[in-house]
Each structure stands twice: as structure tokens, then as C-alpha cells.
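S.K.: kindly generate the corresponding structure for this input.
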Amino acid sequence: MKHWFAALGVLIFITPGLLLLNACCDSDPKSQQELLPSGAKAAIIDQLSPLYPNEDFILATIDDLENYGFQVDVFNGDEITVDFYRTLPSHDYRLIILRAHSGLLGVDPNVTNKTWLFTNETYSQTLHVSEQLVDRLTYGKITESNPWLFTINAAFIRESMQGEFNRTVIIMMGCDGLRLTDLAKAFVEKGASVYIGWDAPVGLNYVDRATGILLNELCSERLSIASAVVETMNKAGADPEHGAKLKYYPIPGDYKLLYQLFE
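M.R.: As a prediction, this is how the structure comes out:
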């Protein structure tokens with residue numbers, strides 16, 4: 001069984017707590033709501049909440065997404081389990097923000113070929129045995145003093161998640177979310193319309209600011225995915241410590257506006 005250790009502040013495994021300083025807002029919320037499909041839902045998956053709680057972020061993001069027209073669900077703490085991810089497509093979310101730890105399996109980017117997404121479920125050899133045996137699950141640590149937790153990979157998304165995403169936009173805020181394209185491809189194969197993430201580790205202060213810019217460009221400015229990513233990088237620049245850049249998949253991407261991706 002493969003295993004790995006993800007330490008905050010270490011290249012490859014660094015994964016910050018994410019605080020969205022700006023988010024979606026509009027001077028005319030009603031006009032935004034009319035653009036979205038009836039009952040469109042968004043999910044904030046706050047896997048980081050036990051170690052990095054940020055109630056201000058959660059409340060502000062709920063308010064902003066609701067102003068844009070979404071019905072918002074928040075999941076955090078012990079709710080983020082293997083089975084939670086397994087059933088995620090069945091809830092028909094049109095936008096999913098993953099406030100979660102992620103990282104690469106191994107320390108050599110020339111040989112590693114898997115990206116792993118954290119749950120908050122304590123690892124056990126006796127749970128989810130069949131999926132461990134086929135390398136859809138492994139285990140990792142957030143810091144050296146924390147317990148081992150289950151992590152999922154692209155194979156889990158493709159083969160263990162139940163149902164299909166409904167043109168969902170995935171915003172992956174963890175480190176190395178798009179260093180490789182394995183998670184992005186898996187989400188798109190499962191029905192997501194686009195996957196947005198960073199191509200390297202990201203520092204906390206940087207990702208706070210850059211994520212706020214991204215959501216503002218998508219929602220308030222109503223830019224397309226491609227234009228919002230370009231404008232975010234123009235305003236935020238690359239991560240000053242690790243050089244991470246915001247990207248999206250697939251390339252070339254769909255140049256529609258956010259609400260048009262759900263049609």
C-alpha cells in the first residue's frame with residue numbers, strides 16, 4: 001500500500017487554508033437569479049475546517065453565492081468522508097468549491113502521476129478495503145502531528161463516485177490541483193463542464209487574494225472562464241513563493257459565461 005505525508009509549508013505537499021476575501025456579488029441579484037437554472041445549487045466543501053476554520057469566509061461566500069442566485073450547502077469537518085465524495089455527483093450541484101487539502105503522491109514531479117484529495121475520515125486498513133487494493137484510496141497526513149486520513153484520486157472519481165455531475169463547475173483550491181491533469185480529466189469525464197485549479201503549491205496569503213479575484217471576475221464582472229482566469233493572473237500574478245499559476249481544464253476551454261455553462 002502506498003502512503004504519503006503532506007506537510008504544510010513543504011514544496012509539493014504544501015496546502016494552505018483557503019480564505020476567500022472577495023466573492024460573487026452583483027448590483028442586481030434578481031437579474032443574476034434569472035440567468036441560473038431554477039433551483040441551481042452550489043456546494044462549499046470545507047475539509048479544512050477542523051484545522052483552519054474560517055467562519056467569516058463561509059458566511060461571506062454563502063451570502064455572495066446566494067446573491068448570484070445559488071442555493072448554497074456547506075459541508076465541513078467529519079462530514080467529509082470517503083462516502084461523502086462517493087455520492088457527491090448525485091446531489092446535482094452546479095458549482096462546487098473544494099476548500100480542501102490536496103497534493104501529489106511522491107516528491108519527484110518527474111515520476112509521480114497521481115494527485116490526491118483529502119477527506120477528514122481517519123484511515124483504517126479495515127475500511128474501504130476493495131478500493132484500497134486497487135489504489136483508488138490511500139492515506140496521508142496534513143501535518144506530522146495529525147492522524148492519517150483517507151485520500152481519494154482520479155480513479156476513485158471515475159470508478160467509485162455514483163452518478164454524474166450536471167455540467168458542474170469545479171473550483172479546486174488545494175495545492176497542485178492542476179500540476180497534473182488527472183483529477184481534472186476525471187471530473188470532466190464524470191460530467192463537470194470545467195475544472196479550475198493551480199499548477200503548483202500555493203501560499204496562503206496569495207491564494208486568499210487570487211481566489212477572491214477569480215470569483216469576482218466570474219460572478220460580478222460576468223467574464224467567461226477563460227477571461228476570468230486570465231484576468232485573475234493579470235491582477236494577482238503568479239504565487240510569489242512557488243510560482244503557481246491558475247489554470248483551467250479542458251484546454252481549449254468553453255468560453256461561455258458561468259451561468260451559460262449550466263445550460
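
S.K.: who's in contact with the nearest residue to residue 165 once chain neighbours are set aside?
M.R.: Closest residue to residue 165 apart from its sequence neighbours, by Cβ to Cβ, 6 or more residues apart in numbering: residue 191 at 3.6 Å. Any C-beta I mention is one placed from the backbone N, CA and C, and that applies to glycine too. By Cβ atoms under 8 Å, 6 or more residues apart in numbering, the contact set of residue 191 is 89, 164, 165, 166, 167, 168.

S.K.: please apply the same query to residue 172.
M.R.: Taking Cβ under 8 Å, 6+ apart, one finds 98, 100, 102, 178, 183, 184, 195, 196, 197 in contact with residue 172.

S.K.: and the gap between it and residue 123?
M.R.: Distance, residue 172 to residue 123, using Cβ to Cβ, to the nearest Å: 22 Å.

S.K.: ok, now residue 210?
M.R.: Distance from residue 210 to residue 123, by Cβ to Cβ: 31 Å.

S.K.: more neighbours: which of those two?
M.R.: residue 210 (26 against 20; other Cβ atoms under 10 Å).

S.K.: list the residues that contact that one.
M.R.: Going by Cβ under 8 Å, 6+ apart, the list of residues near residue 210 reads 202, 232, 236, 239, 246.

S.K.: tell me the secondary structure at the fourth one.
M.R.: Spelled out, that is residue 239. coil (DSSP: H, G, I helix; E, B strand; the rest coil).

S.K.: for it, grab the count of nearby residues.
M.R.: With other Cβ under 10 Å as criterion, residue 239 counts 21.

S.K.: kindly list the main-chain dihedrals of it?
M.R.: When read as degrees, to the nearest 10, the backbone of residue 239 gives phi -50, psi 120.
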